[in-house]
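>>> Need a 3D model of the sequence below.
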Amino acid sequence: MISDGESCVARFPVLLYYPFQIKLMKLASLLFIFLSASAMAQTEAPVAGHDHSASNPALSGLKKELIEGITENDFLKLGDKPQTAKITLVAVFTDANYGMNFNGHAKGSAVYTIPKGWTVEVTYINPSPIPHSAIVIERADTKKLQIAAPYFKGGAIPNHLQGLAYNKAIFSFVADEVGEYALACGFPAHAMNGHWVALDVDEKIKVPTLKLGDGPVKEAK
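Numbers count the residues shown, from 1 in each chain. Here you go, the predicted model:
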């Protein structure tokens, strides 16, 4: 028979063990949450409801006839009128960035530079069934959920927040203020997810230029 004193001694290690076990379990749970969050942060995910990547058909369902014959040489040209630049901007041109790209580039990896005061004529094409749009915004605004109006008057397709699919639109604006801007998709959250290319307005240059990724800077012809 165990006395009360012996019972207390026998139970004492158990009383110490339980708090230690609980703390250990909490630490293990916190470690699991941290590792899971880190793994998720390293995996880019497409915008909800705009998954271009299922079995990698970012390019599936495209109406290729809308962009047939378009090459890098068409991305930037001199316009028919003096001091006019013509930009062809194709959404979902490749599967880069889950299809959220312009002319195969995203997150500012392509840079258009336009002389101050020039008129810019943009032909925007979306051969995809997923709605996208185009709007000129300040570079810093690519981090915003959506932008109500373009920075330059006329610098967006109609209904840029709704976007369009299987279609094209033309718009023009005058680049009358020096600064760092972006040609971005105006569909909510798309610019935040990298659907934009850089647009600089510079008063020192005489001819529009385009730099694609790590490639050379090329003047419009």
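
>>> what's the residue nearest the centre of the chain sitting at in phi/psi?
Centroid-nearest residue in the chain, with CA atoms, centre = their mean: Gly194, separated by 1.4 Å. Reported as degrees, to the nearest 10, the phi and psi values for Gly194 are phi 100, psi 0.

>>> Does it touch Ser109 like I think?
No: applying CB atoms under 8 Å as the test, Gly194 and Ser109 come out as separate, 9.1 Å apart. From N, CA and C alone the C-beta is placed, and that goes for glycine too.

>>> what mean pLDDT does stretch 147-157 have?
For stretch 147-157, the mean pLDDT works out to 98.

>>> ugh, wrong one, I meant stretch 170-186
Taken as a whole, stretch 170-186 carries a mean pLDDT of 98.

>>> So Phe124: helix, strand or coil?
Quick fix: residue 124 is Tyr, not Phe. Three-state call for Tyr124 (DSSP: H, G, I helix; E, B strand; the rest coil): strand.

>>> Enumerate every residue touching it.
Shown in contact with Tyr124 (CB atoms under 8 Å, 6 or more residues apart in numbering): Leu89, Val90, Ala91, Ser133, Ala134, Ile157, Lys168, Ala169, Ile170, Phe171.

>>> beta partners of it?
Leu89, Ala169 (DSSP bridges).

>>> where does the protein have low pLDDT?
Applying pLDDT under 70 to the chain flags residues 1-58.

>>> Helices of that one, start to end?
4-41 (DSSP state H).

>>> Can you give me the distance of Gly163 to Lys204?
Gly163 sits 35 Å away from Lys204, going by CB to CB, to the nearest Å.

>>> Show me which of the two is the more surrounded one.
Neighbours per residue (other CB atoms under 10 Å) separate Gly163 from Lys204, with Gly163 holding more: 21 against 8.

>>> Now do the same contact list for that one.
Applying CB under 8 Å, 6+ apart, the residues near Gly163 are Asn126, Pro131, His132, Ser133, Cys185, Gly186, Phe187.

>>> Any idea what the closest residue to Trp196 other than its chain neighbours is bridged to?
Nearest in space to Trp196, with sequence neighbours left out and distances taken as CB to CB, 6 or more residues apart in numbering, is Ala184 at 3.7 Å. For Ala184, the beta-bridge partners are Ile135, Trp196 (DSSP bridges).

>>> Ala184: neighbour count?
31.

>>> Contacts only, for it.
Ala184 neighbours (CB under 8 Å, 6+ apart): Ala134, Ile135, Val136, Ile137, Asp141, Thr142, Ile147, His190, Ala191, His195, Trp196.
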